[in-house]
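Novice: Structure for the following, please:
(one chain, ligands or ions: 1)
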Amino acid sequence: MRTIGVFDSGVGGVSVLKEVLREFPYDNIIYFGDSLHAPYGDREIDEIRSLCLKVSDFLVNEKKVDALVIACNTATGAAMDIMQERYSIPVVGVVENGSNEGIKITKNKMVGVIATPATIKMDIYKKSIEKKDTSIKVYSIKCPLFVGMIEKGWEDNYESNNLIQSYLNQFPEEIDTLILGCTHYPLIQKYIMRYFKGQVVDPAKETAKSLKKLIGEGKYFKTPYLKFYVSGDCKKFKKVAQEFLGQEIQEIEKIIL
Ligand code: DGL
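Specialist: Here you go, the predicted model:
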């Protein structure tokens, strides 16, 4: 029976996990949330890379996963190339999948990206989109406060709504497509959509589908397991993750690498 590893700096990767669960109902899944070190997006790229490799080494070498999903844009930008070279298993990230979706959806070729400071600094969405279509204009805005607030459990109040507006107000009004360039953001998509009336892209679905193209569907053998490893506060993680996944988390263990 196969095991798929999914990881993020924290709870945001459950937005990708949800789609992985949908596409791979017969496979074991291990999710690693490195919440002790979240936000990754405020760190230097070298530091992000070494944190990511610790997690991926754990999943690949110790847990022997058969495929790896980098459910984090910041980690995809900082470490996907290295991981693809380092391991002999399929490794997929979120950025290319999100870019492809954005390219497909935009009508006026004006695309906005919201992401962590590190993702914006690496400029990975702009590079990835412009590689395929130079006529698309990409506007990127960093949203440094979102991840911490989502990790804690988002509160829908005056301040948080103001914050969303203050980030989105930095875009030209004409953008018709907004890519959620951080896997934490789909957890607050409904609040973001109060202030953005165009099309919103969550790269999660395409990411899970791209893995399916690579490894195919699993075969039913016995009931698969879903196990979570979290480096920070398991209780907090569990609460936020369960709410988004809409299912109870049974197996969760704290581990610091
Ligand atoms: N969820 C991650 C991403 O997609 C990063 C969040 C963080 O800054 O830790 O970029």
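
Novice: Next to the ligand, which bits of the stretch 101-250 of the chain? Give me the list.
Specialist: Residues of the stretch 101-250 of the chain lying close to the ligand by CB under 6 Å from any ligand atom are 116, 119, 147, 182-184. (C-beta placed from N, C-alpha, C; glycine too.)

Novice: For Cys72, grab phi and psi.
Specialist: Per-residue torsions, Cys72: phi -150, psi 130 (degrees, to the nearest 10).

Novice: and the closest residue to it other than its chain neighbours, what is it in contact with?
Specialist: Nearest non-adjacent residue to Cys72, counting by CB to CB, 6 or more residues apart in numbering: Asp8, 4.3 Å away. Asp8 makes contacts with 14, 16, 32-34, 71-72, 75, 183, as judged by CB atoms under 8 Å, 6 or more residues apart in numbering.

Novice: let's see it at 10 Å
Specialist: Counting by CB atoms under 10 Å, 6 or more residues apart in numbering, Asp8 touches 14-17, 31-35, 38, 40, 52, 55, 69-75, 94, 182-184.

Novice: Quick check: beta-bridge partners of it?
Specialist: Gly33 (DSSP bridges).

Novice: All the helices of this structure, residue numbers only.
Specialist: 14-23, 45-57, 73-86, 95-105, 117-122, 124-132, 146-152, 158-168, 189-192, 204-215, 234-245 (DSSP state H).

Novice: Reformat these as TSV; add mean neighbour count, mean pLDDT and distance to Glu253.
Specialist: Converted to TSV, the helices of the chain look like this (neighbours: other CB atoms under 10 Å; pLDDT from 0 to 100; distance: least, CB to CB, whole Å):
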stretch	mean neighbour count	mean pLDDT	distance to Glu253
helix 14-23	23	98	16
helix 45-57	19	98	14
helix 73-86	23	98	21
helix 95-105	22	97	29
helix 117-122	22	98	28
helix 124-132	19	97	32
helix 146-152	20	96	18
helix 158-168	14	98	31
helix 189-192	15	98	29
helix 204-215	19	97	24
helix 234-245	17	97	8
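
Novice: Could you export the ones you listed as JSON lines, including distance to Tyr225?
Specialist: Formatted as JSON lines, the helices of the chain follow (distance: least, CB to CB, whole Å):
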{"stretch": "helix 14-23", "distance to Tyr225": "12"}
{"stretch": "helix 45-57", "distance to Tyr225": "19"}
{"stretch": "helix 73-86", "distance to Tyr225": "24"}
{"stretch": "helix 95-105", "distance to Tyr225": "26"}
{"stretch": "helix 117-122", "distance to Tyr225": "31"}
{"stretch": "helix 124-132", "distance to Tyr225": "33"}
{"stretch": "helix 146-152", "distance to Tyr225": "25"}
{"stretch": "helix 158-168", "distance to Tyr225": "35"}
{"stretch": "helix 189-192", "distance to Tyr225": "28"}
{"stretch": "helix 204-215", "distance to Tyr225": "18"}
{"stretch": "helix 234-245", "distance to Tyr225": "15"}
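
Novice: just checking, Asp133 touches Ser99?
Specialist: Yes - assessed by CB atoms under 10 Å, Asp133 is found in contact with Ser99 at 9.4 Å.

Novice: which neighbours do the two share?
Specialist: Common neighbours of Asp133 and Ser99 (CB under 10 Å, 6+ apart) are Val111.

Novice: Identify the residues contacting Gly112.
Specialist: So Gly112 contacts 102, 106, 125, 137-141, 168, 170-172, 174-179, 181, 196, 198, 200-201 (CB under 10 Å, 6+ apart).
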